[in-house]
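Here is my input, please return the structure:
(one chain, ligands or ions: 2)
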Amino acid sequence: HLMSLLDSCLFCKIIKGSIPCHKVLETAKVLAFLDINPLTEGHILVIPKAHGERLHMVPEEYLGEMLPAAGRIARKLFGERGIDYNLLQNNGKLAHQEVDHVHFHIIPKRSSDDGLG
Ligand code: 5GP
Ligand code: ZN
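Ligands and ions are numbered 1, 2, ... in the order given. Next up, the predicted model:
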């Protein structure tokens, strides 16, 4: 059951490298990569390297590295350049989660972007 879950989860496949991604940052417990369908240019996803469908299902030792990783990425790519951004995280279908492996979105916002995202 566990193996078939890891075989079928899109983001677990990205972690394993069987689906390619454009990596932005990687640590022992966290991977960050570009969103394949960005809401704005530079839209990044930050995921734990352990499968968890919802935030409350992810072991705390993984959760504990996600916010520092998001902060480091945002500082380097957006903060230091004065680019505004949103940090978002959805849990469940009704909350607009489409991929059932926890992820933070980091979505930069420039004056040329519209109100979506
Ligand atoms: P959710 O709606 O679950 O919060 O967001 C899922 C995100 O994953 C979407 O922004 C979508 O574009 C992104 N995504 C879906 N499939 C892939 C993929 O194969 N590669 C990458 N890099 N991003 C993906
Ligand atoms: Zn997974």
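
So which residues on this structure come close to ligand 2?
9, 11, 12, 51, 101 (Cβ under 5 Å from the ion). Using the backbone N, CA and C atoms, a C-beta is placed for each residue, glycine as well.

How far does the longest helix along the chain sit from its chain's centre?
Using DSSP state H, we find that the single longest helix of the chain is helix 60-77. Offset of helix 60-77 from its chain centre (Cα atoms, centre = their mean, to the nearest Å): 10 Å.

Give me the contact list for that helix.
24-25, 27-30, 32, 42, 44, 46, 48-50, 52, 55, 83, 85, 87, 104, 106, 108 (Cβ atoms under 8 Å, 6 or more residues apart in numbering).

make it 6 Å
24-25, 27, 29-30, 32, 46, 48, 50, 85, 87, 104, 106 (Cβ atoms under 6 Å, 6 or more residues apart in numbering).

repeat for stretch 12-24
Contacts for stretch 12-24 (Cβ under 6 Å, 6+ apart): 6, 31, 32, 33, 34, 44, 49, 51, 73.

and that stretch, which residues are buried?
Using 16 or more other Cβ atoms under 10 Å as the test for burial, stretch 12-24 gives 12, 13, 14, 15, 21, 24.

Switch those over to a markdown table, and while doing so, append distance to ligand 1 to every line.
Compiled in a markdown table, these are given as follows (distance: Cβ to the nearest ligand atom, whole Å):
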| residue | distance to ligand 1 |
| --- | --- |
| 12 | 12 |
| 13 | 8 |
| 14 | 6 |
| 15 | 12 |
| 21 | 5 |
| 24 | 10 |
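
Among those, name the ones in strands.
Counted as lying in strands by DSSP state E, out of the buried residues of stretch 12-24, are residue 24.

that older thread, kindly reformat the contacts of helix 60-77 as CSV containing pLDDT and secondary structure.
Converted to CSV, the contacts of helix 60-77 look like this (pLDDT from 0 to 100; DSSP: H, G, I helix; E, B strand; the rest coil):
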residue, pLDDT, secondary structure
24, 98, strand
25, 98, strand
27, 97, coil
29, 98, coil
30, 98, strand
32, 98, strand
46, 98, strand
48, 98, strand
50, 97, coil
85, 98, strand
87, 98, strand
104, 98, strand
106, 98, strand
